[in-house]
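*Asks:* kindly return the folded structure for what I paste below:
(one chain, ligands or ions: 1)
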Amino acid sequence: MWKQAIDDAVEKVRRNMLKFGDGFPHVGQQGSYSGYLNPNNEWTSGFWSGMLWLSYEYTKDSVFRDAAGRTVESFKQRLIRNDAIEHHDIGFLYTLSSKAQWMIENDEAAKQLTVQAAKKLCGRWREQGGYIQAWGPLGCPEQGGRIIIDCLMNLPLLYWASQTTGEARFADIAAAQAELSRRYLVRGDDSSYHTFYFDQETGEPIGGATAQGYRQGSTWTRGQAWGVYGFALSYRYTGNVQFLDTSKRMARYFLTHLPEDHVAYWDFDVPVQAGTYRDSSASAIVCAGLLELLEQQPDGDPDREWLRLGLERSLRSLTERYATIGQPEAEGLLLHGSYSVRGNNAPDDYMIWGDYYYLEALLRIECGIKGYW
Ligand code: GLY
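*Replies:* All right, here's what the predicted structure looks like:
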C-alpha cells in the first residue's frame, strides 16, 4: 500500500519537475503550484529540493539528481546574494538542499555551503537574551525578542555543523534554543505556544503569543507538529532525554486530540463545525516525527505501541483520504493543508512542506530512506 502511494508521488514530482523549471513551489492557490512559483526566495524553497533528492534516492534516476543539483546551485547563489535569508528558516532551506547533497554524494562544496549556512543562522543568536531571533531585523522592537516553535526544525543544521567542523558553538546554540523552547513554548498539559517573547536586554520571559493560530493561547496544530519532530531530533543529536520525553508528550497530545479520521484540524482549539479547515501538513510532519521517535525507542519499550498505532492511523488516513493518488494532473501530493487561516492565505490547499514530510514518511516506513535532518 505504501509503495503505491510512493510511486504515485514520485511520478508527480517527475511531472512537476518539467512544469516548474527553475521555479520553486510554496503553497497551492486554488489547487495550483505552477501558477505561483517563486525564484527561490521563500522559507519553503528547500522542501522542493528535498523532494527531488528523495525521488532520486528512491529511483536512482539521474534526472532527479540533476534537477536537485540545480536547486543546490540556486541555494548557493541565494546565500551569496543574501537574498531572503534574514530569518531563522535557514535550517529548512539548507538541510534539504546542500546538506542532502552532501549526505548522498559526499560532495565537499555542498558541505562547505551548508557550513556557511549554519554560520549565517548563528548570526541570529541574541547573546544578551540567549535565544535565536526568529523573524525580522536583529534587535527590531517588534520581533527582536521573539522565538517560535518552528525553529526546532532549524536546529539540526547547527548540530550537524558542530559534528562536521568540530566547533562546539553551533551545537551549544542549538541545545540552548531547544532547552529554552522546552521551558517556555511547551505548557504543563503538553500543548504549546506558537511563539514566545523575551526581554531583548535581559532575556526575562514576557509571555506566549500566537502568529498563525486561532487565538492567543490556542494550540496551533502545526506548531505542535514542529515540536514533536523537532524535539525528537534534538534528542537524536544531544542524547538529552528531556527532549525525547517532551517530543513524546507533545505527540501524545497531538494524537489524542485528533478527530475521527486521524488528521488534524488547523488548530486544536478551533470550534469544529462543518467546513472547519484541516491541516494535513501538520499530520504529515507528525508522521515523520513518529518514525523518528520509533527508531529511538528500544524494542519492548511500552511507548512503541501507541506511537506505532498513531503513525499507522494517520499515515493511512493521509494516503487514503487526503492524497491525490490516481489524479495524475494534480500538482500537490496532499489536499487540505492550511498555511494561514486567519490571514486567508491558502487556508485549504497544497503545502509544499506537507508534500515533503508525507513523502519522507512514506519512504522511511517502506524503504528506510530517512530524509536529511
Ligand atoms: N514555519 C512556518 C509555518 O509552519 O507556517
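
*Asks:* only C-alpha atoms for contact and neighbour calcs from this point on.
*Replies:* Fine.

*Asks:* name the nearest residue to residue 91, ignoring sequence neighbours.
*Replies:* Distance criterion C-alpha to C-alpha, 6 or more residues apart in numbering; nearest residue to residue 91, sequence neighbours excluded, is residue 154 at 3.9 Å.

*Asks:* was I right about that neighbour contacting residue 87?
*Replies:* No. Contact criterion C-alpha atoms under 8 Å: residue 154 and residue 87 do not qualify, at 10.7 Å.

*Asks:* between those two, which one's more packed in?
*Replies:* Ranked by neighbour count (other C-alpha atoms under 10 Å), residue 154 and residue 87 place residue 154 first, with 22 against 19.

*Asks:* any idea how far that one lies from residue 170?
*Replies:* 12 Å (C-alpha to C-alpha, to the nearest Å).

*Asks:* ok, now residue 360?
*Replies:* For residue 360, the distance to residue 170 - C-alpha to C-alpha - is 26 Å.

*Asks:* and residue 161, that one's in a strand?
*Replies:* No. Assessed with DSSP: H, G, I helix; E, B strand; the rest coil, residue 161 is helix; it does not lie in a strand.

*Asks:* please report the number of neighbouring residues for it.
*Replies:* 25.

*Asks:* likewise residue 85?
*Replies:* Residue 85: 18 neighbours (other C-alpha under 10 Å).

*Asks:* give me the contacts around stretch 311-331.
*Replies:* Defining contact as C-alpha atoms under 8 Å, 6 or more residues apart in numbering, one finds that stretch 311-331 is touched by 5, 8-9, 12, 16, 31-34, 261-263, 280, 283-284, 287, 290-291, 332-336.

*Asks:* now the strands for the protein?
*Replies:* 125-126, 131-132, 146-148, 195-198, 205-209 (DSSP state E).

*Asks:* so what strands line up beside the last one?
*Replies:* Based on DSSP bridges, the strands next to strand 205-209 in the sheet, each with its direction, are strand 195-198 (antiparallel).

*Asks:* center of this protein, which residue is that?
*Replies:* In the chain, the centroid-proximal residue (C-alpha atoms, centre = their mean) is residue 153; its distance is 5.7 Å.

*Asks:* who's in contact with that one?
*Replies:* With C-alpha under 8 Å, 6+ apart, residue 153 has these contacts: 91, 92, 226, 229, 230, 233.

*Asks:* most neighbours of all those, which one?
*Replies:* residue 230 (30 neighbours).

*Asks:* if we can go back for a sec, which one of the strands of the chain lies nearest to residue 353?
*Replies:* Closest to residue 353 of these, according to C-alpha to C-alpha: strand 146-148, at 17.4 Å.

*Asks:* now for the closest one, which elements pack on it?
*Replies:* Where contact means 3 or more C-alpha pairs under 8 Å, 6 or more residues apart in numbering; DSSP states H and E, strand 146-148 is packed against strand 195-198.

*Asks:* and the helices in the stretch 1-150 of the chain?
*Replies:* 2-20, 45-59, 62-81, 90-94, 100-105, 108-122 (DSSP state H, counting those that start in this stretch).

*Asks:* just say which of those is most tucked in.
*Replies:* helix 90-94 (a mean of 28; mean count of other C-alpha atoms under 10 Å).

*Asks:* which residues are contacting it?
*Replies:* 43-47, 75, 114, 117-118, 120-121, 153-158.

*Asks:* do the same with stretch 270-284
*Replies:* Counting by C-alpha under 8 Å, 6+ apart, 214, 221-222, 225-226, 263-266, 314-315, 318, 322, 334-338, 341, 347-348, 351, 353-355, 357-358, 361 sit against stretch 270-284.

*Asks:* what residues of that stretch count as buried?
*Replies:* 270, 277, 278, 279, 280, 281, 282, 283, 284 (16 or more other C-alpha atoms under 10 Å).

*Asks:* could I get those residues as TSV with distance to residue 38 and pLDDT?
*Replies:* Converted to TSV, those look like this (distance: C-alpha to C-alpha, whole Å; pLDDT from 0 to 100):
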residue	distance to residue 38	pLDDT
270	31	98
277	25	98
278	25	98
279	23	99
280	23	99
281	20	99
282	23	99
283	25	99
284	23	99
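
*Asks:* now, the residues you listed that are in helices?
*Replies:* Among the buried residues of stretch 270-284, the members found in helices (DSSP state H) are 280, 281, 282, 283, 284.
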